[in-house]
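Enquirer: output the structure for:
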Amino acid sequence: MYSCLYESLYLLVSQQSALPKGATLLGTILSSDKTNISTMTGDRVAHPLLISLANISMSTRLKNSSNSFVLTALLPVPKFIHKNKRIQGVLEDRLIHESLDIILRPLKQAAREGVMLSDPVGHSRYCFMPLASYIVDTPEAMMLATVSRKTSPVTMAMFKQFGDPFRHEPHTKSITLVQLAAIHTRADPSDIEVFFREAQKFRLNGISKPFWQDWILAELSHFLTTEFLHLIH
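Expert: Okay, the predicted model is just below:
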């Protein structure tokens, strides 16, 4: 076991890619959760996206007073009027992925090419920013992993296999992208109902372009961190 998330992330990156000499690794931690902010005055809902760094020690990051998580954006909470509720869900999920792709584009570029940033004492550092963790509840983890309901977002198990006494193979980015490529040969993503039907054959949820597809080293079974309360429920 590694004593902190940053150490395990550094080992992962050092094994899979050679960072330039003197480069600084800044592990990105994201968190999002759709939240009711009012029930008596219109049932208002917000979907905040927060960001933090894996370099910050866990004991500091978990303190509310440290303000280690910063509000990055408010994700859209749309209400689509399609007659099929499943298709409404696909449209909502696609919009979230498209929004995340736009919001997180600078971080993905920094993970791929690096970016010059100033440290606390004013020195310039060549920084790389891979996705270390995305903290979400289980329904949102499934949406981000582009899998359908009753399917594990981090392994290849479906609901009938959840009681197996062994861990199934990890749900990897490469497997998902191969499945999506196969679906694209059978259906046009703009024809949402047909694309969704083809995606269901692979137990996917109809997302055509996941936000993480071009984020280097962003591996689903590694960065998806479910909330403990939802995980043991």
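Enquirer: how would you label the residue nearest to Asp214 when sequence neighbours are not counted: helix, strand or coil?
Expert: Spatially, and ignoring its direct neighbours in sequence, Asp214 is nearest to Lys108 (6.1 Å; Cβ to Cβ, 6 or more residues apart in numbering). Quick note: C-beta positions are derived from backbone N, CA and C, even for glycine. Secondary structure, DSSP: H, G, I helix; E, B strand; the rest coil: Lys108 is helix.
Enquirer: isn't Lys108 up against Trp215?
Expert: Yes - counting by Cβ atoms under 8 Å, Lys108 does reach Trp215; the two are 4.6 Å apart.
Enquirer: more neighbours: which of these two?
Expert: Taking other Cβ atoms under 10 Å, Lys108 and Trp215 do not tie; Trp215 has more neighbours (24 against 21).
Enquirer: distance check, that one against Leu71.
Expert: Relative to Leu71, Trp215 is positioned 21 Å away (Cβ to Cβ, to the nearest Å).
Enquirer: so Leu177, which state does it fall into?
Expert: Here Leu177 is recorded as helix under three-state DSSP.
Enquirer: make 37 the starting number, not 1.
Expert: Sure, I'll start counting at 37 from here, so that last one is Leu213.
Enquirer: dump the residue contacts of it.
Expert: Gln249 (Cβ atoms under 8 Å, 6 or more residues apart in numbering).
Enquirer: in terms of pLDDT, where does it sit?
Expert: If you check Leu213, the pLDDT there is 95.
Enquirer: now do Asp227
Expert: We have a pLDDT of 94 for Asp227.
Enquirer: kindly report the same for Ala217.
Expert: Predicted confidence (pLDDT) for Ala217: 96.
Enquirer: so it sits in a strand?
Expert: No - assigned with three-state DSSP, Ala217 falls outside any strand and is helix.
Enquirer: look up how far Glu234 lies from it.
Expert: Counting by Cβ to Cβ, the gap from Ala217 to Glu234 is 12 Å.
Enquirer: out of those two, which sits in the busier spot?
Expert: Between Ala217 and Glu234, counted using other Cβ under 10 Å, Glu234 has the larger neighbour count: 18 against 9.
Enquirer: keeping just the C-alphas, turn the helix or strand the more buried one falls within into PDB.
Expert: Using DSSP states H and E, Glu234 sits in helix 228-236. Output in PDB follows, covering the C-alpha atoms of helix 228-236 (Å, rounded to 0.1, in the frame of the first residue of the first chain):
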ATOM      1  CA  ILE A 228     -29.300   8.700 -30.900                       C
ATOM      2  CA  GLU A 229     -31.900   5.900 -30.600                       C
ATOM      3  CA  VAL A 230     -30.100   3.500 -33.000                       C
ATOM      4  CA  PHE A 231     -26.700   4.300 -31.500                       C
ATOM      5  CA  PHE A 232     -28.100   3.700 -28.000                       C
ATOM      6  CA  ARG A 233     -29.500   0.300 -29.100                       C
ATOM      7  CA  GLU A 234     -26.100  -0.700 -30.500                       C
ATOM      8  CA  ALA A 235     -24.300   0.600 -27.300                       C
ATOM      9  CA  GLN A 236     -26.600  -1.500 -25.100                       C
END
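Enquirer: helices or strands next to that helix in the packing?
Expert: Identification of packing neighbours for helix 228-236 by 3 or more Cβ pairs under 8 Å, 6 or more residues apart in numbering; DSSP states H and E yields helix 121-139, helix 209-222.
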